[in-house]
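> Here's a sequence, model it:
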Amino acid sequence: MVGKYIKKYGPGDKIRPFMGLPEIDRSVLYGLLEHAKKKTIKGVFIDTDTYNEIDDQFALVHALLSQQFHSAIDVVAIGAAPFHAPVRKTKDYSHGMELSYEEIHNILEILDCGWDGPTYKGSTLTMKQNDGNPITNESSVALCELANNHYSENDPLFILALGALTNIASAILMDPDIRSKVVVCSLGGLATNLQNFSEFNYEQDTLAAQIVFASGVPIVHFPGFAVTDMLKTTKWELEANVKGKGNIGNFLYQRFIEFVPDCPGRSKTIWDLAPGAWVINPDWFVSEVVHTPILNDNGTWTIYSENHPMRSIKWLDRDPIFQHFFSLLEGQHSGSGS
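Below you'll find the predicted structure:
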């Protein structure tokens with residue numbers, strides 16, 4: 001199936017609904033978006049720019065410990081997403097992806113939770129750099145193979161998209177049939193009522209984000225500002241609940257204090273906890289099904305009433321998410337799995 005529907009979407013092309021790909025039956029999309037709210041064990045592929053900041057590290061540990069102690073999710077694979085950020089002194093997107101891949105393995109070694117699933121390197125380019133063509137890489141190929149061989153519209157693969165959407169856009173263009181077998185849980189942009197999606201993840205590869213949102217794939221959208229920025233924590237909270245909780249607790253605490261200036265009243269948002277927490281327990285969130293917006297080149301949304309549906313996260317309850325995370329760290333440290 002790979003390459004069956006490959007079409008060039010360059011920077012100047014109009015991104016339209018379904019992009020000329022085969023349209024997905026709306027009832028299938030609504031079914032997938034409703035399935036996403038069910039409290040069932042869900043297969044998860046984590047696509048992460050792990051070294052970009054510090055929140056991906058927390059999200060990865062949260063997901064893996066949830067699987068180890070509560071079997072709330074089944075993490076089937078982890079892929080490294082590209083990024084390029086001066087704060088991390090990256091040379092280019094390829095360098096950012098390689099640093100993220102190394103950080104994934106660093107976490108797995110320190111966490112030592114017995115997870116032995118595959119890890120994949122992702123794209124070394126953005127979609128714009130590749131003239132809108134899909135970028136075949138380990139992660140995009142694995143997404144296609146996993147979705148086609150192990151998942152269906154009745155039991156979809158949940159993709160936790162914690163960085164740029166490059167790997168996922170490539171997989172969709174390589175094989176559009178996976179769209180009815182996956183749910184993309186994408187963190188990025190702002191709430192659609194704010195008429196702006198400018199934010200790090202989507203700005204890293206805007207064309208990839210445009211392709212994913214226009215493709216018809218079912219999306220659960222986690223806005224950065226105004227929603228997931230509720231997931232703030234402080235050095236003092238982490239001193240009490242993370243520091244000293246084994247090697248992984250000390251690692252996460254050290255990453256935090258290295259990244260966040262030490263000053264009274266300073267907090268830091270752990271954005272990327274949100275998608276995994278929602279898969280674990282959607283009751284911690286308020287969401288609604290809305291029309292998927294079109295992402296414009298100027299960084300704004302256009303709400304198109306004829307567009308396919310997506311689930312939009314409107315609010316989250318910060319406290320039980322952090323309480324769950326802290327209890328998992330304590331459980332691993334004490335050996336109780338609380």
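> Give the buried residues for stretch 130-143.
By 16 or more other C-beta atoms under 10 Å, the buried positions in stretch 130-143 come out as 130, 132, 133, 134, 135, 137, 138, 139, 140, 141, 142, 143. Where you see a C-beta, it was placed from the backbone N, CA and C, and this is true even at glycine.
> Repeat that for stretch 240-251.
Applying 16+ other C-beta under 10 Å to stretch 240-251 flags 241, 242, 245, 246, 248, 249, 251 as buried.
> quick one: secondary structure of residue 216?
coil (DSSP: H, G, I helix; E, B strand; the rest coil).
> What number of residues are in the vicinity of it?
Neighbour count of residue 216, defined by other C-beta atoms under 10 Å: 27.
> Is it in contact with residue 25, as I believe?
No. If you go by C-beta atoms under 8 Å, residue 216 and residue 25 don't touch, sitting 9.9 Å apart.
> And the spatially most distant residue from the centre of the chain, which helix or strand is it part of?
Largest separation from the mean C-alpha position in the chain: residue 264, at 30.9 Å (C-alpha atoms, centre = their mean). Using DSSP states H and E, residue 264 maps to neither a helix nor a strand.
> pLDDT score assigned to it?
Residue 264 carries a pLDDT value of 78.
> quick one: it from residue 236, how far?
Distance of residue 264 to residue 236, computed by C-beta to C-beta, to the nearest Å: 10 Å.
> Likewise for residue 225?
The value you get for residue 225 to residue 236, if C-beta to C-beta is used, is 24 Å.
> So for these two, which sits in the more crowded spot?
residue 225 (15 against 11).
> backbone phi and psi for that one, please?
When quoted as degrees, to the nearest 10, the phi and psi of residue 225 stand at phi -70, psi 140.
> what ranges do the helices span in the stretch 101-250 of the chain?
138-150, 166-174, 200-204, 206-214, 235-241, 246-259 (DSSP state H, counting those that start in this stretch).
> Now do the strands in this protein.
Secondary structure of the chain (DSSP state E): strands at 42-48, 73-80, 119-120, 157-161, 182-187, 219-222, 232-233, 268-269, 285-291, 294-295, 301-302, 309-316.
> how many neighbours does the nearest residue to residue 267 once chain neighbours are set aside have?
Among residues not flanking residue 267 along the chain, residue 232 sits closest, at 4.2 Å (C-beta to C-beta, 6 or more residues apart in numbering). By other C-beta under 10 Å, 14 other residues sit near residue 232.
> likewise residue 117?
Residues near residue 117, counting by other C-beta under 10 Å: 14.
> so how far is residue 218 from the closest residue to it other than its chain neighbours?
In space, and not counting its chain neighbours, residue 117 is closest to residue 77: 5.5 Å by C-beta to C-beta, 6+ apart. Noted for residue 77: a distance of 19 Å to residue 218, by C-beta to C-beta.
> more neighbours, the two?
The neighbour comparison of residue 77 against residue 218 (other C-beta under 10 Å) goes to residue 218, with 28 against 21.
> which ones are touching the residue nearest to that one when sequence neighbours are not counted?
Nearest non-adjacent residue to residue 218, counting by C-beta to C-beta, 6+ apart: residue 32, 4.2 Å away. The contact partners of residue 32, by C-beta atoms under 8 Å, 6 or more residues apart in numbering, come to 153, 156, 180, 183, 218.
> can you pick the most crowded of these?
residue 218 (28 neighbours).
> I'd assumed residue 310 was in contact with that residue.
Yes. Applying C-beta under 8 Å as the test, residue 218 and residue 310 come out as touching, 6.9 Å apart.
> tell me, what's touching the two both at once?
Between them, residue 218 and residue 310 share the contacting residues residue 33, judged by C-beta under 8 Å, 6+ apart.
> From residue 266, how far off is the residue nearest to residue 267?
10 Å.
> can you check residue 285 too?
Taken as C-beta to C-beta, the span from residue 285 to residue 266 is 26 Å.
> Settle it for me: which of those two has more neighbours?
Per other C-beta under 10 Å, whichever of residue 285 and residue 266 has more neighbours is residue 285, with 20 against 12.
> tell me the contacts of that one?
Listed by C-beta under 8 Å, 6+ apart, the contact partners of residue 285 are 277, 278, 313, 315, 316, 317.
> what residue lies at the spatial centre of the protein?
Closest-to-mean residue, the chain, C-alpha atoms, centre = their mean: residue 161 / 2.0 Å.
> so how many other residues sit close to the residue lying closest to it once chain neighbours are set aside?
Of all residues not flanking residue 161 in the chain, residue 186 sits nearest, at 4.4 Å (C-beta to C-beta, 6+ apart). Neighbourhood size, residue 186 [other C-beta under 10 Å]: 27.
> what residues are up against residue 186?
Per C-beta under 8 Å, 6+ apart, neighbours of residue 186: 161, 165, 201, 209, 212, 219, 220, 221, 222, 275.
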